[in-house]
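Asks: Below: sequence and its predicted model.
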Amino acid sequence: MSKKGRVLVAMSGGIDSTVTAVMLHEQGYEVVGITMKTWDYATSGGSKKETGCCSLDSINDARQVAVDLGFSHFIIDIREEFGDFVINNFVDEYIAGRTPNPCVLCNTHIKWEALLKRADMMDCEWIATGHYAQVRAQNNRYVISKGLDENKDQSYVLWGVSQSCLSRTMFPVGRFHKPDIKQMARDMGYVELANKNESYEICFVPDNDYRGFLKRRLPDLEQRVDGGNFVDAQGHVLGKHKGYPFYTIGQRKGLGTAFGKPVFVTEIHPETNTVVLGEEKDLERTGMWVGKLNLQKYEQLQAPMNAITKVRYKHDGESSILTQMGDRMKVEFMATVSAIAPGQSAVFYEGDDMIGGGVIFSNFSVNESRKAEEAGVVS
């Protein structure tokens, strides 16, 4: 065994995980590659050719790197585990009128646990992935920080990773910018890989048609929910829609009806199959409640603190005040934030360090918050 230790590298066949494996190999670690088969897209009935981390081409690309460098490579099938948890949650959340984030759920409950389980079986002290993030120990906690390349930073999707998992995790590419990683790949001889297009789609919905996916998973769904009402904030009926699960907060296009002016989905009410429409200003909120918390930098917040909060992956973040109340976080923004969608992740930052995150379960305006507090209601 190498003096530096044995590390299990999650290899998707993409450029970032490939450079991660080569980098650690060159640094003197004993590398073991592993590729996780999470989804077989052909079984979903989708029209697009299987691509991304679960395709045969990607698996072969990962294996070829291991052959080139002479380290072991394994493929593990976690489709049943992934499907039962991640995909069922994805469907359930849309049926509940929320907008899920399956990549966060997969990282939190599937990939890291699966990696650590195999790492223990293979006597690996460490696991490594190609995420653009950084991790360090501080005050007996393991803290994730943003990747050096803020345009590629992936810390947002890692808020749910546990302290025990982080204690054994490496993110080698997090200390570099993406163009540098591409150049490293070329220098290593992986020119084709460096020029390969990246996929930003959900792995089990590679045609990016989540509505079609829901219909295939629940064949009677369209019949059950078709014909609900579009209404305005006062409850006036504006027209008919195709079913509340097929809409998301902030959606403007694809409503299926012309309203004579730009309108947006502002609320979704599954219990009445109602979708509320309004103007862009009606999407603005001043705060939200967040549950299912996982704090990383601090065990818990003893007092309200200032933070930058992101309400979705591509959100720049907004100045906010965090107040932890048991297993929930009240987030009050310094300026209004648009299209806060229940079911999405909220992630809190102190500078580049991630404080932690959770799942958004409701949002509010200032007046709504005061009324709720006076009534003793926080959700």
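Replies: Sure thing, it's come through.

Asks: Let me know the pLDDT of the residue nearest to residue 149 when sequence neighbours are not counted.
Replies: Ranked by Cβ to Cβ, 6 or more residues apart in numbering and with sequence neighbours excluded, the top spatial neighbour of residue 149 is residue 177, at 4.2 Å. Just so you know, the C-beta spots here come from the backbone N, C-alpha and C atoms, and that holds for glycine as well. At residue 177, the model reports a pLDDT of 97.

Asks: what residues are up against residue 177?
Replies: 148, 149, 152 (Cβ atoms under 8 Å, 6 or more residues apart in numbering).

Asks: likewise residue 346?
Replies: Going by Cβ under 8 Å, 6+ apart, residue 346 touches 288, 290, 309, 310, 311, 329, 331, 357, 358, 359, 360.

Asks: about what we covered before: who wins for most neighbours among the contacts of residue 177?
Replies: For those, counting by other Cβ atoms under 10 Å, the largest number of neighbours falls to residue 152: 20 neighbours.

Asks: State the phi and psi torsions of that one.
Replies: Dihedral pair for residue 152: phi -110, psi 0, per degrees, to the nearest 10.

Asks: I'd like the numbering to begin with 724 instead of 1 from here.
Replies: Okay, using 724 as the starting number, the last item reads as residue 875.

Asks: give me the number of residues near residue 849?
Replies: That count, for residue 849 with other Cβ under 10 Å as the rule, works out to 18.

Asks: do residue 1049 as well
Replies: 9.

Asks: What of the one 3 residues further on?
Replies: In terms of burial, residue 1052 registers 26 neighbours under the definition other Cβ under 10 Å.

Asks: go on, residue 1039?
Replies: Residues lying near residue 1039 (other Cβ under 10 Å) number 7.

Asks: still on that earlier bit, nearest to residue 837, out of the contacts of residue 900: which one, please.
Replies: residue 875 (24.2 Å; Cβ to Cβ).

Asks: And the helices in the stretch 924-1073 of the chain, which stretches?
Replies: Using DSSP state H, counting those that start in this stretch, the helices of the stretch 924-1073 of the chain run over residues 933-940, 944-948.

Asks: Please identify the buried residues of the shortest one?
Replies: Meaning helix 944-948. For helix 944-948, a neighbour-count test (16 or more other Cβ atoms under 10 Å) marks 944, 948 as buried.

Asks: Need the helices of the stretch 924-1073 of the chain in a markdown table (columns: mean pLDDT and distance to residue 910).
Replies: Conversion of the helices of the stretch 924-1073 of the chain to a markdown table gives the following (pLDDT from 0 to 100; distance: least, Cβ to Cβ, whole Å):
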| stretch | mean pLDDT | distance to residue 910 |
| --- | --- | --- |
| helix 933-940 | 93 | 39 |
| helix 944-948 | 95 | 50 |
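
Asks: Quick one: closest of the ones you listed to residue 840.
Replies: helix 933-940 (27.6 Å).

Asks: Keeping just the C-alphas, turn that closest one into CSV.
Replies: Provided in CSV are the C-alpha atoms of helix 933-940 (Å, rounded to 0.1, in the frame of the first residue of the first chain):
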residue,chain,number,x,y,z
TYR,A,933,-39.6,15.7,-16.5
ARG,A,934,-43.3,15.9,-17.4
GLY,A,935,-43.0,13.0,-19.8
PHE,A,936,-41.0,11.1,-17.1
LEU,A,937,-43.8,11.6,-14.6
LYS,A,938,-46.4,10.4,-17.1
ARG,A,939,-44.4,7.3,-17.8
ARG,A,940,-44.0,6.6,-14.1
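
Asks: Tell me the buried residues in it?
Replies: Buried residues in helix 933-940 (16+ other Cβ under 10 Å): 933, 934, 935, 936, 937, 938.

Asks: for those, which one is nearest residue 833?
Replies: Distance to residue 833 across those (Cβ to Cβ) is lowest for residue 936, with 18.2 Å.

Asks: Without its sequence neighbours, what residue ends up closest to the closest one?
Replies: That would be residue 928: by Cβ to Cβ, 6+ apart, it lies 4.9 Å from residue 936.

Asks: any idea how far residue 967 is from that neighbour?
Replies: As judged by Cβ to Cβ, to the nearest Å, residue 928 and residue 967 stand 19 Å apart.

Asks: Same check on residue 786?
Replies: Between residue 786 and residue 967 the distance is 44 Å, computed by Cβ to Cβ.

Asks: Between the two, which is the more surrounded one?
Replies: residue 967 (22 against 17).

Asks: could you pull out the helices for the stretch 724-873 of the chain?
Replies: Along the stretch 724-873 of the chain, the segments classed as helices by DSSP H, counting those that start in this stretch run 738-749, 779-792, 802-805, 811-818, 825-829, 835-844.

Asks: okay, these, which one's buried deepest?
Replies: helix 738-749 (a mean of 24; mean count of other Cβ atoms under 10 Å).

Asks: what is the orientation angle of it with helix 779-792?
Replies: 20 degrees (axes from the mean of the first three to the mean of the last three Cα atoms, to 10 degrees).

Asks: Which of the buried residues of helix 933-940 sits closest to residue 1020?
Replies: For the buried residues of helix 933-940, the nearest to residue 1020 is residue 933 (32.9 Å; Cβ to Cβ).

Asks: Just grab the bridge partners of the residue lying closest to residue 1010 once chain neighbours are set aside for me.
Replies: Take residue 1010 and drop its neighbours on the chain: the residue closest to it by Cβ to Cβ, 6+ apart is residue 1055, 4.4 Å away. Counting by DSSP bridges, residue 1055 is bridged to residue 1010, residue 1044.

Asks: Residue 1055 and residue 1013 touch, don't they?
Replies: No: contact criterion Cβ atoms under 8 Å: residue 1055 and residue 1013 do not qualify, at 11.6 Å.

Asks: my guess is residue 938 contacts residue 945, does it?
Replies: Yes: between residue 938 and residue 945 there is a contact under Cβ under 8 Å: 5.6 Å.
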